[in-house]
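Engineer: Predicted model follows, preceded by the sequence.
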Amino acid sequence: MDFDEYLNLQRRTFVQYYRCLSTSLLNKDHLDEDGNFVIMPPSALDRLNRLNLTYPMQFQIQNPASGTPELATHCGVLEFVADEGYIHMPGRLMARLGVQEEGMVLVRSVKLPTATYVKLRPHTTDFLGVSHHKELLEYNFRKFQCLTAGETIAVAEGDRRFYLDLLEARPADAVCTIDTDCEVDFAPPLDYVEPPPRAPAPAPAPAAGGTPRFTGVAARMDGKPVEMPPAAAPVGRQGEQPRRPAAKFTGVAVRMDGKPVEMPAPAPPAPSPAAASTGAPGAPKRKIRFDAPKAIGSGASKSTGTAEKGASKEQDKRFTGTPYSLKD
């Protein structure tokens, strides 16, 4: 900015060069180094009142030595008690502008739009473990009257401090955060590592027959029992056919010397149970004996059976009665 432009701005708005000092030099407990409030000299208040600027007062601070208008930050004013020609700034703002103690900065008044959306990126994944992000941001944003895209802010929870990069702001790159309902979005933290992709589950191998076997229970609609087909023969190895029973030999036996072959006689058929009970033809038949009951009050008993012709006349030793003949 040249001198003529500087004089023209002086007539319309507040613009002033100051040497900056950090707020930590004031040794005041109510000053927060994490915020973006500055302390200006009393002459700045007189000039602001003559320009009839509305509250809240907001300012843009640039480093004129950088030659980069985009490298700027925005802040609010806390008090007007600084020495003339000096402005006290938090160390975070000085680092943002790249200025040291006693460095020159250009301060001008601005009117920023109200914030409707901001996107933040945490530096570490520890911030994701906080269960009350909304309350944490609402409490800490009271230290920031303005937010500027591209800068880093710090929010504290007890003894812990989390650093957040302001990636985006709407409706402008610099917005006011006073009395607004702002939508907040979060980007993945800087140290976040994507988990490795899961390997796809192997497909189940098809059954040997191609179609999986039926493992349920067969039932008929009429309730009658289902006739199950006979079980199939077990299948051998893959591609191996089941073995068939060996076929009987139906050829002619021949000796190497030309002599006739003595064939073994066929084995006789096994006798049936009925034939075994009756015996072979010509064999004596097995006799069946009936024991005669004793007569009550009599010492003799008569034989009631009929003797076969040609049978042996030998009497059973157990028979003790008187023999009679049918011819008598």
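Structural biologist: Good, I have the coordinates.
Engineer: Just to check, residue 128 is in contact with residue 121?
Structural biologist: No. Contact between residue 128 and residue 121 fails when scored by C-beta atoms under 8 Å: they sit 11.7 Å apart. Backbone N, C-alpha and C define where each C-beta goes, glycine included.
Engineer: Can you give me the buried ones in the biggest strand by length in the chain?
Structural biologist: When the chain is parsed with DSSP state E, its longest strand is strand 160-170. Using 16 or more other C-beta atoms under 10 Å as the test for burial, strand 160-170 gives 162, 164-166, 169.
Engineer: show me where pLDDT drops low in the stretch 51-200 of the chain?
Structural biologist: 67-70 (pLDDT under 70).
Engineer: now the strands for it?
Structural biologist: 58-62, 72-79, 86-89, 104-110, 117-122, 146-148, 152-157, 160-170, 174-176, 183-186 (DSSP state E, counting those that start in this stretch).
Engineer: Give the partner strands of the first one in its sheet and their orientations.
Structural biologist: Just to be clear, that refers to strand 58-62. Next to strand 58-62 in the sheet, as set by DSSP bridges, lie strand 72-79 (antiparallel), strand 104-110 (antiparallel).
Engineer: circling back to that earlier point, okay, residue 128 and residue 121: which has more neighbours?
Structural biologist: The residue with more neighbours, out of residue 128 and residue 121, is residue 121; 19 against 12, by other C-beta atoms under 10 Å.
Engineer: So what sits opposite the more buried one in the bridge?
Structural biologist: residue 165.
Engineer: Spit out the contact partners of it.
Structural biologist: 164-165, 167, 186-190 (C-beta atoms under 8 Å, 6 or more residues apart in numbering).
Engineer: 10 Å instead?
Structural biologist: Contacts here follow C-beta atoms under 10 Å, 6 or more residues apart in numbering; on that basis residue 121 touches 127, 152, 163-168, 185-190, 192.
Engineer: Specify which member of the buried residues of strand 160-170 is nearest to residue 97.
Structural biologist: Ranked by distance to residue 97 (C-beta to C-beta), the buried residues of strand 160-170 are led by residue 166 at 15.7 Å.
Engineer: The closest one contacts residue 154, correct?
Structural biologist: No. Between residue 166 and residue 154 there is no contact, the gap being 11.5 Å when judged by C-beta atoms under 10 Å.
Engineer: From residue 28, how far out is the residue lying closest to residue 26 once chain neighbours are set aside?
Structural biologist: The spatial neighbour of residue 26 that comes closest, neighbours along the chain excluded (C-beta to C-beta, 6 or more residues apart in numbering), is residue 88 at 6.2 Å. According to C-beta to C-beta, to the nearest Å, residue 88 and residue 28 sit 10 Å apart.
Engineer: Spit out the residues that contact these two alike.
Structural biologist: 39, 78-79, 81.
Engineer: Can you say which of the residues you listed are buried?
Structural biologist: 39, 78-79.
Engineer: quick one: which of those is nearest to residue 139?
Structural biologist: Of these, the one sitting nearest to residue 139 (C-beta to C-beta) turns out to be residue 78, at 18.1 Å.
Engineer: need the contact list for that closest one.
Structural biologist: By C-beta under 10 Å, 6+ apart, the neighbours of residue 78 are 23, 28, 30-32, 35-40, 88, 145.
Engineer: same question, residue 133
Structural biologist: Going by C-beta under 10 Å, 6+ apart, the list of residues near residue 133 reads 120, 122, 127, 155, 184, 186.
Engineer: circling back to that earlier point, wait, which of the strands of the stretch 51-200 of the chain is closest to residue 9?
Structural biologist: When the strands of the stretch 51-200 of the chain are compared for distance to residue 9 using C-beta to C-beta, the nearest one is strand 104-110, at 7.0 Å.
Engineer: For the closest one, buried residues please.
Structural biologist: 105-107, 109.
Engineer: if we take these, which one ends up nearest to residue 200?
Structural biologist: residue 105 (58.9 Å).
Engineer: Surely the closest one touches residue 88?
Structural biologist: No. If you go by C-beta under 10 Å, residue 105 and residue 88 don't touch, sitting 11.3 Å apart.
Engineer: so what sits against both of those two?
Structural biologist: With C-beta under 10 Å, 6+ apart, residue 105 and residue 88 have common neighbours 18, 20, 38.
Engineer: Could you tell me which residues make contact with the second one?
Structural biologist: If a contact means C-beta under 10 Å, 6+ apart, then residue 20 has 38, 61, 63, 82, 86-89, 93-94, 97, 99-105, 107 as its contacts.
Engineer: all helices of the stretch 1-150 of the chain, in order?
Structural biologist: 3-12, 42-50, 91-97, 133-140 (DSSP state H, counting those that start in this stretch).
Engineer: Please work out which of those is packed deepest.
Structural biologist: helix 91-97 (a mean of 18; mean count of other C-beta atoms under 10 Å).
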